[in-house]
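Undergrad: Here's a sequence, model it:
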Amino acid sequence: CDWSSDVCSSDLIAAFQQALLVRTQTDFPMEWAATQNNLGIAYSDRIRGDKAQNIEAAIAAYQQALLVLTQTDFPMDWAATQNNLGNAYIDRIRGDKAQNLESAIAACKQALLVYTQIEFPRDWAATQKNLGNAYSNRIRGDKAQNLEAAIAAFQQALLVYTRETFPEEWAEVRHNIGKLLVHQGKWYDGLDHLEQALAFYRETEDFEFRADIIYQIARTHHLMSNLDKARIHYRDALRIYQHINNPGGIATCKTALGRLMISIGYIDDALQELNQAREIYDKINHKQGTDNTQELVQFINNIRKNNQYE
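TA: Next up is the predicted model:
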């Protein structure tokens, strides 16, 4: 059974729940804990049903497993469950977002007490990647320090994730580092990481990731005032988002193109892109996107009004 299949995930959930009717914590503690951990993984992978509730069910199952899987008695299983729990808290929808990320960071750090680069390189790298994701989105603490911690964790992961051994993970982490470096204002370093990741994704059928990286490259060129390169990459990303019918990606690119057109004085073109983006945001009920495009349209209208009185 392919765990990535949603049908399989639902079947597994039903099977694990049946197993727990016999495998009780009292009579079969180890088997019960292993089943709880597997149940958590199945809920984490599940597509059907309410996503928020699936994540809650996964967290509950992992926490149950940890009642038996202690660091002292079952260090490897404990670390694996802590890593799974960290992943679930990163994805959690319910609860306080800031606290969820703190819980994710704590769980990843727990896992790293067992996972070392020498003894468990792949698990160690995966946990470092999860830690980097948590620090990237962290709300509490100093923002600059959180970015540094995220980059450091991702760079640790790259000690194991090489282009030759784990190309997909390598490209994903390169992409993540690139975005963070750009956010720090280190545009050239960030661009280098993004372009390395793009070279890999151009060889795959993962159009979603390819479009996202091209958009990030466009945005970086925009920040660097390389407006021609930015426009070309925005349009490349837009074509891919249109090909895969991703309305959010289409609207994001059109908003970015609208901003770019404003900066070079092509007001009519900017208005066309922004109005199209706003229509898409309205359809997908993306309030922030609608508000942002409306603000830009109002800015254009103010420019036109001021020009009339000059």
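Undergrad: Can you show me the helices along the chain?
TA: Assigned by DSSP state H, the chain shows helices spanning 6-19, 29-45, 51-65, 75-91, 97-111, 121-137, 143-157, 167-183, 187-201, 207-223, 227-243, 247-263, 267-283, 287-308.
Undergrad: helices or strands up against the shortest one?
TA: Judged by 3 or more Cβ pairs under 8 Å, 6 or more residues apart in numbering; DSSP states H and E, helix 6-19 is in contact with helix 29-45. C-beta: built from backbone N, CA, C; applies to glycine.
Undergrad: What residues sit buried inside the helix it packs on?
TA: 31-45 (16 or more other Cβ atoms under 10 Å).
Undergrad: and if you look at stretch 74-88?
TA: Going by 16+ other Cβ under 10 Å, stretch 74-88 has these buried residues: 74, 77-88.
Undergrad: Could you export those as TSV, including distance to A230?
TA: Formatted as TSV, those follow (distance: Cβ to Cβ, whole Å):
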residue	distance to A230
F74	52
D77	49
W78	48
A79	44
A80	43
T81	44
Q82	42
N83	38
N84	40
L85	40
G86	36
N87	34
A88	37
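Undergrad: Specify which member of these is nearest to K229.
TA: Closest to K229 out of the buried residues of stretch 74-88 is N87 (35.9 Å), distances taken as Cβ to Cβ.
Undergrad: ok, now how distant is that closest one from Q298?
TA: 41 Å (Cβ to Cβ, to the nearest Å).
Undergrad: cool, and R122?
TA: Counting by Cβ to Cβ - R122 and Q298 are separated by 51 Å.
Undergrad: got it, and F207?
TA: In terms of Cβ to Cβ, F207 sits 34 Å off from Q298.
Undergrad: more crowded one of these two?
TA: Under the criterion of other Cβ atoms under 10 Å, the comparison of F207 against Q298 puts F207 first, with 15 against 10.
Undergrad: quick one, what contacts the more buried one?
TA: 240, 243-244 (Cβ atoms under 8 Å, 6 or more residues apart in numbering).
Undergrad: May I see those residues arranged in JSON lines, with pLDDT, neighbour count and distance to A19 as well?
TA: Shown next, in JSON lines, are the contacts of F207 (pLDDT from 0 to 100; neighbours: other Cβ atoms under 10 Å; distance: Cβ to Cβ, whole Å):
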{"residue": "I240", "pLDDT": "98", "neighbour count": "19", "distance to A19": "43"}
{"residue": "H243", "pLDDT": "97", "neighbour count": "10", "distance to A19": "43"}
{"residue": "I244", "pLDDT": "97", "neighbour count": "12", "distance to A19": "39"}
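Undergrad: now, which of these sits nearest I284?
TA: I244 (14.9 Å).
Undergrad: right, and that closest one touches D206 too?
TA: No: if you go by Cβ atoms under 8 Å, I244 and D206 don't touch, sitting 10.1 Å apart.
Undergrad: re earlier: same list, the contacts of F207, but as CSV with distance to I105 please.
TA: Converted to CSV, those look like this (distance: Cβ to Cβ, whole Å):
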residue, distance to I105
I240, 33
H243, 37
I244, 33
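Undergrad: Which one of those is nearest to K97?
TA: Among the contacts of F207, and counting by Cβ to Cβ, the member closest to K97 is I244, at 28.3 Å.
Undergrad: What distance do you get for the closest residue to the closest one other than its chain neighbours to N226?
TA: Leaving out its chain neighbours, the residue that sits closest to I244 by Cβ to Cβ, 6 or more residues apart in numbering is F207, at 5.0 Å. Using Cβ to Cβ, one gets 24 Å for the distance from F207 to N226.
Undergrad: Repeat that for N275.
TA: 26 Å.
Undergrad: just G249 next, same as before
TA: Distance from G249 to N226, by Cβ to Cβ: 22 Å.
Undergrad: Same drill for the two, tell me which one is more crowded.
TA: Neighbours per residue (other Cβ under 10 Å) separate G249 from N226, with G249 holding more: 21 against 16.
Undergrad: Can you give me the neighbour number for the residue nearest to that one when sequence neighbours are not counted?
TA: The shortest distance from G249 to any non-neighbouring residue, by Cβ to Cβ, 6+ apart, is to Y241 (3.4 Å). Number of residues near Y241 (other Cβ under 10 Å) recorded here: 24.
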